[in-house]
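Asker: Provided below are the primary sequence and the corresponding predicted coordinates.
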Amino acid sequence: MSPSPAPPRRGPHHPLASPLLQPDAASPAAPPWREQLTLRGVAVAAVLGALLCVVIHRLNLTVGVIPALNVASGLLAFFLAAAWRAAAGWLGFGRGPPFTRQENTVIQTCAIACAGLAFSGCSVSYILAMDRKTYELVGPGYPGNRPEDVRDPSLGWIISFLFLIALLGPFSIVLLRKVMVIDYKLTFPGGTATALMINSLHGKTEGDVAGKKVHCLVKYVSISFVWGFFKWFFSGAGDSCGFDNFPTFGLEAFKNTFYFNFSPSYVGFGLISPHIVNCSVFLGSVISWGFLWPFISAQAGHWYPDNLSSSDFRGLYGYKVFIAISIILGDGLYNLVKIFFIIAREFCNAQSKQRNLPVQSLEDDGSSEQLPDEKLQTEVFLKDSISPWFAAGGYIVLAAISTATVPAIFPQLKWYLVLLCYFLGPAVAFCNSYGMGLTNLNLAPTYGKIALFAFASLVGSDGGGVIAGLAACGIIMSIACSTADLMQDFKSGYMTLSSPRSMFVAQLIGIALGCIIAPLTLWLFWTAFDIGDPDGEYKAPFAIMFREMAILGIKGFSALPMHCLEICCAAFLLAVAIRLLKDVTPANVSRFIPIPIAMAAPFYVGAYFGVDMFIGTVILFAWQKLNREEADGYAVAVASGLICGDGIWSIPSAVLSILGIDPPICMTFKPSSASSNSFLLSRLCCRMDERGHLPLCEAHRWLCSS
């Protein structure tokens, strides 16, 4: 077998070759991995993780939408650690060792791992779907809703359950970190932006090229933050207010989610991600929301009942979820099998362990030489490796313990079903991490819904399929979420010269902290507020949805709408065929073939996501045509600034939400009633709250409807 090709060389203006992403020449070498993981860092991560858990629970119980918090976590970690050192010096304990970018990255990893348990493992969606209040809200007369399928939350079983299921995730994916970060060169836009911000916070870059990039980063962070603050005033308290629901291309297109929602983060993702990824996402938006969903919607009353809610699996929602997952699984499983085949071939031919896997990168300029900066990043990233035997052994041992003990908490979920979850776990982990590397979307809840449906159908009604499906949902969500977060943090660590071993240990510590902190913070909400009240503040909107999904899942695939299963099989095979075609065609042709997993993201999320990313790639393309050198040198700084500013705004936005302070104005649109101006016109509605008219709308009263 011929030697494996070296990774492609990046040009001097490639994002990863940017001086801003590298430590300063005068900075000391990266400290050993044990010095990157400090007691100070763990304490800061625990405080930060608890804060983020409160934010995530609050958002989950109210609106159900969770923003990406990696950038905000990295920034808060910097300020909390700096405050720790300042306080220690003021109290006479000494400032301690220097606070490095590596320690900052490790703290961020630990805090996100802790907070991730509030999003996935301790998610209010599947936990509250088990309780008696949700059972009563669904209705005792609802077919399949049995009083036997009730399990009220308690700290004892939640903490025990989390410790049994949460620690497995990192072990399932850590062996593929080199494949995703170095060989596939996945961008992980959120991780790239976090690394850029951390390096800028710790860099000394005045007066040089990197200094200009820091100023560019700060400029666009400020613009993005101020824009988020401005948008907040018009976002109201409803689900359809503000610039996030602006009918950019008209109201008809808006109904099919074709609009630009003025999101700096998504535009930033488009600036960072390769053109083929952005174009694939946009193509998926056009295929799904432009043709497929309108066609299926027209079959309402024939393929499925036409009086179903927008979240009912028996209707259009079922097509969206299952077809999107079919494409994702087709692409993800193809790449997973391909990687295992290449590894097996390497072992059979007794090749050197140091050679790279011969996989096709997303961006390849045809050269085989690495820049010195990239060589340093790769050297540090591969230096403190995690033993394959340790990773595989850890996963097997933890899976065996969980398989034996989880049925004691949920007797409805038999041991062989728990074992099946862990058999499927690595494949789900790879698919979710791979998709997140391309689009920055964490689709762990979507995988959880599929597991919920599948395991509920396997157990059936008499065996307690509702509880079994919800518990299996928690297992799959925990694995999918923690692995995607870890891989994104590995991307940040690669760019900040952080040790993968310190980050892996930090992930495990963060998960262990989250197994205690996430249930405790949830219990605070549970005891202090009326959770689940449909007329109250904490409605827990997804609890009823998840319970109804489980009830529907008991009926099996026969409950899916007509032709859904056939379309899913076709979508799966088409994704595999496209991936195979992309591998067998010459490079000058394959670079124009779309990526299926990127195409699938808007199938479920909405077309606006693809529109935003496509606008980002159009801006970058035009910028490159006008000034290639400037575009290649500053695009990542601009994109990271847009992402960081939007991420930082999530902190005050969440605080305002926790304090019960709603935006004063709800800006919505409706068709104009004026016949002479009916073409492409909309009327702006400024809905006032009980505090009376606000000056902004008083000045524009002629725009406001009654």
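Answerer: That came in fine, so what should we check first?

Asker: List the contacts of L565.
Answerer: By Cβ atoms under 8 Å, 6 or more residues apart in numbering, the residues touching L565 are 322, 557. Glycine gets a C-beta too; all of them are placed from N, C-alpha and C.

Asker: can you confirm it is in a strand?
Answerer: No - judged by DSSP: H, G, I helix; E, B strand; the rest coil, L565 forms no part of a strand; its state is helix.

Asker: for L560, phi and psi?
Answerer: Here is the backbone geometry of L560 (degrees, to the nearest 10): phi -70, psi 150.

Asker: neighbours of it, just the number please.
Answerer: 21 (other Cβ atoms under 10 Å).

Asker: ok, now the one 3 residues further on?
Answerer: H563: 14 surrounding residues under other Cβ under 10 Å.

Asker: what do you get for G330?
Answerer: Neighbourhood size, G330 [other Cβ under 10 Å]: 25.

Asker: Let me see the contact set for the closest residue to it other than its chain neighbours.
Answerer: Leaving aside its sequence neighbours, G330 sits nearest to A575 (Cβ to Cβ, 6 or more residues apart in numbering; 3.0 Å). With contacts defined as Cβ under 8 Å, 6+ apart, A575 is in contact with 326-331, 334, 596-597, 600.

Asker: so where's the stretch 101-250 of the chain uncertain?
Answerer: Scanning the stretch 101-250 of the chain for pLDDT under 70 picks out 204-211, 213-214, 237-239.

Asker: That one: helices as residue ranges?
Answerer: Along the stretch 101-250 of the chain, counting by DSSP state H, counting those that start in this stretch, helices occupy 101-119, 124-128, 132-138, 155-165, 168-173, 177-178, 189-202, 209-232.

Asker: Show me the shaky parts of the stretch 501-650 of the chain.
Answerer: For the stretch 501-650 of the chain, applying pLDDT under 70 flags the ranges 534-537, 647.

Asker: What ranges does it have for its helices?
Answerer: 541-553, 564-584, 587-590, 596-605, 607-626, 628-658.

Asker: among those, which is the most enclosed?
Answerer: The highest mean neighbour count among those, using mean count of other Cβ atoms under 10 Å, belongs to helix 596-605: a mean of 27.

Asker: who does that one touch, helix- and strand-wise?
Answerer: helix 275-285, helix 316-348, helix 415-439, helix 564-584, helix 607-626 (3 or more Cβ pairs under 8 Å, 6 or more residues apart in numbering; DSSP states H and E).

Asker: just checking, what packs against the helix or strand just after the longest one?
Answerer: The helix or strand immediately downstream of helix 316-348 is helix 372-383, counting by DSSP states H and E. Packed against helix 372-383 by the contact rule (3+ Cβ pairs under 8 Å, 6+ apart) you find helix 177-178, helix 465-496.

Asker: List the buried residues in the longest one.
Answerer: Looking back up the chat, that one is helix 465-496. By 16 or more other Cβ atoms under 10 Å, the buried positions in helix 465-496 come out as 465-496.

Asker: go on, stretch 125-140?
Answerer: For stretch 125-140, burial by neighbour count (16+ other Cβ under 10 Å) applies to 125-131, 133-135, 137-138.

Asker: between the helices and strands packed on helix 596-605, which one is nearest to P541?
Answerer: Nearest to P541 among those is helix 316-348 (14.4 Å), distances taken as Cβ to Cβ.

Asker: just how off-centre is that closest one within its chain?
Answerer: Relative to the centre of its chain, helix 316-348 is centred 18 Å away, using Cα atoms, centre = their mean, to the nearest Å.

Asker: Then stretch 501-512?
Answerer: 19 Å.

Asker: State the distance from the residue nearest to L176 when sequence neighbours are not counted to R177.
Answerer: In this structure, L176 finds its nearest non-sequential neighbour in F430, 6.5 Å apart by Cβ to Cβ, 6+ apart. Counting by Cβ to Cβ, to the nearest Å, the gap from F430 to R177 is 11 Å.
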